[in-house]
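Undergrad: Just the structure for this:
(4 chains)
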Protein chains: 2
Amino acid sequence: MQFERGATVFVAGMPGSPWRVVDGLVRLDREGLEGPEFGGLARVGDVIGAETMMFDRYTYTAVALLPLTIEAWCHGTAGEREQGLLLALARSERRMADVLALRGGRAAERIRRLFGFIAGAMGSRDADAPCIPMPRLRDIADITGLQVETVSRTISQLSEHGEIAPRARRYVQLNYAPE
Amino acid sequence: MQFERGATVFVAGMPGSPWRVVDGLVRLDREGLEGPEFGGLARVGDVIGAETMMFDRYTYTAVALLPLTIEAWCHGTAGEREQGLLLALARSERRMADVLALRGGRAAERIRRLFGFIAGAMGSRDADAPCIPMPRLRDIADITGLQVETVSRTISQLSEHGEIAPRARRYVQLNYAPE
DNA sequence: CGACTATTTGACCCTTCTCAAATCGGGTGG
DNA sequence: CCACCCGATTTGAGAAGGGTCAAATAGTCG
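TA: Next up is the predicted model:
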């Protein structure tokens, strides 16, 4: 299954099944009191929508932040299922710490880390100076806990300092080592 | 197994086995470049150290933020194990969103939410005006992404506004509905 | 009692938030 | 193909919330 940037993969409350991210980056939101609120990221190898195996319905809404490929997450024998679940659990905990780190420190650090994270999610072509697609500023803001205006200004600064260089429309090259 | 506030439950890199939190709240840290960095929370019902089932060693260091009780997380038949893992995974994802929410918004909101979260972790005695033990300011600061001084000042303000009321040493009563 | 750590408080400054408005794209219907 | 609309991005100015540094207090544990 393929999705383009901004496409909704599934919606909280709808019935469905689990998927594994093959390529790209997914934003997960849960329904808060004041509309949807950012609730996590999923990256290459991560499983999304595993809760459908218990509740039949998605708990989160998943939106592609980058061009995305996913595949059905089906697991064979009981033993394989168990291994798969264990791995998914370990990855989920790892992700929690990763995403948390994106909300600490100065604005510039947060965005630098997020871009590094995206570079990591892209399958590490060009480990030196990876070129990554940029999510919408609105998404960057939600993820990092900053305001859109701050994100805009900070990205301009990073660009002036030469840490990133705009490439094609909505693509930037990182001039620092990601992660 | 019982631990008191501040006690270390296990340390990243040591061999061990998984546990389930029966009562209390656990802080998880992973080893970052600059020493340990906050990497998540675990609450009543959550499983910690599940990664030992794959790697034999803990990935995170776990410290009790409140008086803590845990039990060995052993699972019976293959089917029970699978259900247990599914539940643990769903809870882990839920926790990710919870903890993320503790790092967004104003300082006062973050701390209000954290206290509400702790109240929820306490087994909901006194749903109206729950009385909760306070973690160290240092821990509150790490979790919310604020500075210790800001936490101190903000708690004073909440107290002046009557939203919380100091009880015994290191215990506060919440005068608002948690979560 | 004494060494240490945790918490509080003050002063000052910087980063980020807010509110407003201009600009830029992309897409649509004439 | 062009005029127009609407969401996304940029930019500015000003206010404020937190961060930072310093120092005083209050607890804790031997």
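
Undergrad: Return the residues of chain A in contact with DNA strand C.
TA: Proximity of chain A to DNA strand C (C-beta under 7 Å from any atom of the strand) is limited to residues A:106, A:107, A:108, A:145, A:146, A:147, A:149, A:150, A:154, A:169. Backbone N, C-alpha and C define where each C-beta goes, glycine included.

Undergrad: Drop anything exposed from these.
TA: When neighbours are counted using 16 or more other C-beta atoms under 10 Å in any protein chain shown, the residues of chain A next to DNA strand C contain these buried positions: A:107, A:145, A:146, A:150, A:154.

Undergrad: top helix in chain A by residue count?
TA: Determined from DSSP state H, the single longest helix within chain A is helix A:78-101.

Undergrad: Do any residues in that one lie close to chain B?
TA: Yes - contact between helix A:78-101 and chain B, assessed by C-beta under 8 Å from any C-beta of the partner chain, occurs at A:78-79, A:81-83, A:85-90, A:92-97, A:99-101.

Undergrad: Make a ChimeraX selection of whichever of those turn out to be buried.
TA: Remark: buried members of these, expressed as a ChimeraX selection using 16+ other C-beta under 10 Å:
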select /A:81,82,85,86,88,89,90,92,93,94,95,96,97,99,100,101
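
Undergrad: circling back: of all pairs in the buried ones among the residues of chain A next to DNA strand C, which one spans the longest distance?
TA: A:145 and A:154 (12.7 Å; C-beta to C-beta).

Undergrad: what does chain A put close to chain B?
TA: Counting by C-beta under 8 Å from any C-beta, chain A sits next to chain B at A:28, A:30, A:32, A:37-40, A:47, A:50-51, A:53-55, A:59-60, A:78-79, A:81-83, A:85-90, A:92-97, A:99-101, A:103-104, A:145.

Undergrad: least confident pick among the residues of chain A next to DNA strand C?
TA: pLDDT across the residues of chain A next to DNA strand C is at its lowest for residue A:169, which sits at 84.

Undergrad: In three-state terms, label that one for me.
TA: Reducing the assignment to helix, strand or coil with DSSP: H, G, I helix; E, B strand; the rest coil, the entry for residue A:169 is coil.

Undergrad: Provide the backbone phi and psi angles at residue A:58.
TA: Backbone dihedrals for residue A:58, given as degrees, to the nearest 10, come out at phi -70, psi 140.

Undergrad: what residues are up against residue A:151?
TA: For residue A:151, the contacting residues are A:107, A:111, A:137, A:140, A:141, A:144, taking C-beta atoms under 8 Å, 6 or more residues apart in numbering or on different chains as the criterion.

Undergrad: rerun that using 7 Å as the cut-off
TA: For residue A:151, the contacting residues are A:111, A:137, A:140, A:141, taking C-beta atoms under 7 Å, 6 or more residues apart in numbering or on different chains as the criterion.

Undergrad: So if we follow the domain assignment, how does chain A break up?
TA: Following automatic domain parsing, chain A resolves into domains at A:2-101, A:107-174.

Undergrad: quick check, the first one touching DNA strand D?
TA: Put plainly, it is domain A:2-101. No - Domain A:2-101 lies apart from DNA strand D when judged by C-beta under 7 Å from any atom of the strand; the minimum separation is 7.8 Å.

Undergrad: CA-only coordinates of stretch A:92-100 in PDB, if you can.
TA: Included here for stretch A:92-100 are C-alpha records, laid out as PDB according to Å, rounded to 0.1, in the frame of the first residue of the first chain:
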ATOM      1  CA  SER A  92       7.400   1.100  20.500                       C
ATOM      2  CA  GLU A  93       9.300   1.900  23.600                       C
ATOM      3  CA  ARG A  94      12.300   3.000  21.700                       C
ATOM      4  CA  ARG A  95      10.100   5.300  19.700                       C
ATOM      5  CA  MET A  96       8.600   6.800  22.800                       C
ATOM      6  CA  ALA A  97      12.000   8.000  23.900                       C
ATOM      7  CA  ASP A  98      12.900   9.200  20.400                       C
ATOM      8  CA  VAL A  99       9.700  11.300  20.100                       C
ATOM      9  CA  LEU A 100      10.100  12.600  23.600                       C
END
